[in-house]
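Enquirer: Sequence isn't available, so here's the structure alone:
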């Protein structure tokens, strides 16, 4: 079963530091996403990425956030200067070109980011 | 602004009985609905979906019902098994395409008791 792989599983960082969360989407998927879930809250959309550019982004995805697909396999989320409220579980997801009907997205296991 | 609401944070059900998880939405533009299941330390896993042109979709023990006029959907699991214990997220999308942000509810934690 193909998987979306995320590293690290847990990242602790000091407030104001930069973090990079890494994801390896499923190889034949074309659309990539980042979502996050603050503890006890809903899963929230951050950004979608297709054809080497951002397709859509939410209000959460401000100038402190950026995404990149540096080498054709990795998909990264960078937070330039972390804040306490960035502490959350960050999920990467990917999907094939086509419809949601049969598969939805495939999510990774997430990276728990703790900002101290 | 909660466009997708799961008003029950938790639900306990006896093994073998039916589990009914509910979800309400406010955005009439939503056209496609999905349920995801999440175990601890794992990402959400797609479970079942339904298009707004249908009112029911069934896959084995899982059935999703959609009532568009009430803006309400529900997931029925029958019979419930201990392995079904997880957090269930309802999600919605304004279109059925592979490049669509999903709007999630807060989830309902289902506990199936043996």
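Expert: Now that the structure is in, tell me what you want to look at. This is a predicted model, so every value here is computed, not measured.
Enquirer: Name the spans of chain B whose pLDDT lies under the cut-off.
Expert: By pLDDT under 70, the weakly predicted segments of chain B are B:1, B:96-99.
Enquirer: residues from it in reach of chain A?
Expert: B:2, B:4, B:32, B:34, B:36, B:41-46, B:49, B:51, B:89, B:91, B:93, B:96-107 (Cβ under 8 Å from any Cβ of the partner chain). Where you see a C-beta, it was placed from the backbone N, CA and C, and this is true even at glycine.
Enquirer: Tell me how many other residues crowd residue 64.
Expert: Picking chain A for this. Look at residue A:64: counted by other Cβ atoms under 10 Å in any protein chain shown, it has 14 neighbours.
Enquirer: could you do chain B instead?
Expert: Neighbour count of residue B:64, defined by other Cβ under 10 Å: 24.
Enquirer: just residue B:107 next, same as before
Expert: So residue B:107, with other Cβ under 10 Å, has 25 neighbours.
Enquirer: How about residue A:25?
Expert: 26.
Enquirer: Thought residue A:75 was touching it, still the case?
Expert: Yes - between residue A:25 and residue A:75 there is a contact under Cβ atoms under 8 Å: 5.6 Å.
Enquirer: Name the residues contacting each of these two.
Expert: Taking Cβ atoms under 8 Å, 6 or more residues apart in numbering or on different chains as the criterion, residue A:25 and residue A:75 both touch A:32, A:92, A:94.
Enquirer: Among those, which lie within strands?
Expert: In this view, those that belong to strands under DSSP state E are A:32, A:92, A:94.
Enquirer: And the pLDDT at the first one?
Expert: As summarised for this prediction, residue A:32 has a pLDDT of 91.
Enquirer: now it: how far from residue A:3?
Expert: Applying Cβ to Cβ, to the nearest Å, the value for residue A:32 to residue A:3 is 14 Å.
Enquirer: Show me which of those two is the more surrounded one.
Expert: Using other Cβ under 10 Å, the more surrounded residue of residue A:32 and residue A:3 is residue A:32, with 23 against 13.
Enquirer: Could you pick out the residues of chain A near chain B for me?
Expert: Counting by Cβ under 8 Å from any Cβ, the residues of chain A close to chain B are A:4, A:6, A:9, A:30-31, A:33, A:35, A:40-45, A:48, A:50, A:55-56, A:58, A:91, A:93, A:95-110.
Enquirer: ok, which stretches of chain B are strands?
Expert: In chain B, the segments counted as strands under DSSP E are B:4-5, B:10-14, B:19-25, B:32-38, B:45-51, B:56-59, B:62-67, B:72-77, B:86-93, B:103-104, B:108-113.
Enquirer: Export these to TSV and append columns for distance to residue A:87.
Expert: Formatted as TSV, these follow (distance: least, Cβ to Cβ, whole Å):
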stretch	distance to residue A:87
strand B:4-5	23
strand B:10-14	23
strand B:19-25	27
strand B:32-38	19
strand B:45-51	24
strand B:56-59	36
strand B:62-67	33
strand B:72-77	30
strand B:86-93	19
strand B:103-104	19
strand B:108-113	21
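Enquirer: Drop anything exposed from the residues of chain A next to chain B.
Expert: For the residues of chain A next to chain B, a burial check counting by 16 or more other Cβ atoms under 10 Å in any protein chain shown picks out A:4, A:6, A:30-31, A:33, A:35, A:42-45, A:48, A:50, A:58, A:91, A:93, A:95, A:99-100, A:104-110.
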